[in-house]
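**Student:** from the sequence below, what's the structure:
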Amino acid sequence: MLHQLTFLTLVPVFYIIHSLLAQNKMKSRFKLGSKNYRLIYNIISLTFLSAIAFTYYKLKHTPLWSASWPVWIGLALLVLGSVIIRYAMRSYNTAQFLGLEEENKSNERLVIQGLNKHVRHPLYSGTILLLISFVIFKPDLWMCYFVGVSLTYLPIGIWLEERKLIQAFGEKYHNYRNSVPSIIPRLNNLK
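**Tutor:** Residues are numbered from 1 along each chain as shown. Down below sits the predicted model:
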């Protein structure tokens, strides 16, 4: 029972803390510099995800359906999601993203090349594919809960992220947002 309650609590708390710590107000409050703040933010996120994974594996798992037939679908989604995330990261400074290098605010630019010319949030697009693959590989109540909470959070995360992007880039981001879909590319725009 303790593991169940812990898991049920950890998942939404992870997203709440993730969102709170990503806010510019929080970053400015701690005065750690972008490098140190981002590094601590990533360590906290990784710690929560590790605790969620650890607790998940302590739970009793009863499959909700037979997982044998869609394994190739799950594998395809896992690979595609991973490739999308990997390719999307090419448009960003990985060292800054991880908190290993100080952000250079004078060089801050709106990323609209690579996958970002097809969708505004390719990292979320890849994450959605990964989450769906998790349910295919582990079709139990607990994984469905984790994925359900995660998919419920994504629109909130997108909204919060876009608020920051509007503050940073103003009309330029508004124009970009009006011409590029959020997470699912338009088929006629994949050239």
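**Student:** so for the protein, the centremost residue is which one?
**Tutor:** Centrality entry for the chain: nearest residue to the mean C-alpha point is residue 124, 5.1 Å, by Cα atoms, centre = their mean.
**Student:** need the pLDDT of it.
**Tutor:** On the pLDDT scale, residue 124 is placed at 96.
**Student:** need the contact list for it.
**Tutor:** By Cβ atoms under 8 Å, 6 or more residues apart in numbering, the residues touching residue 124 are 154, 157-158, 182-183. In this view, the C-beta of every residue, glycine as well, is placed from N, C-alpha and C.
**Student:** buried set for the longest helix seen in the chain?
**Tutor:** Identified as the longest helix of the chain according to DSSP state H is helix 141-169. By neighbour count on 16 or more other Cβ atoms under 10 Å, the buried set for helix 141-169 is 142-143, 146-147, 150, 153-154, 157, 160-162, 165, 169.
**Student:** also stretch 95-103?
**Tutor:** 99, 103.
**Student:** and it, C-alpha only, in CSV?
**Tutor:** Provided in CSV are the C-alpha atoms of stretch 95-103 (Å, rounded to 0.1, in the frame of the first residue of the first chain):
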residue,chain,number,x,y,z
ALA,A,95,25.7,21.6,-22.6
GLN,A,96,23.5,24.6,-21.7
PHE,A,97,20.4,22.4,-21.7
LEU,A,98,22.0,20.0,-19.2
GLY,A,99,23.4,22.9,-17.0
LEU,A,100,27.1,22.2,-17.9
GLU,A,101,27.6,25.6,-19.6
GLU,A,102,26.4,29.1,-18.8
GLU,A,103,23.6,30.4,-21.0
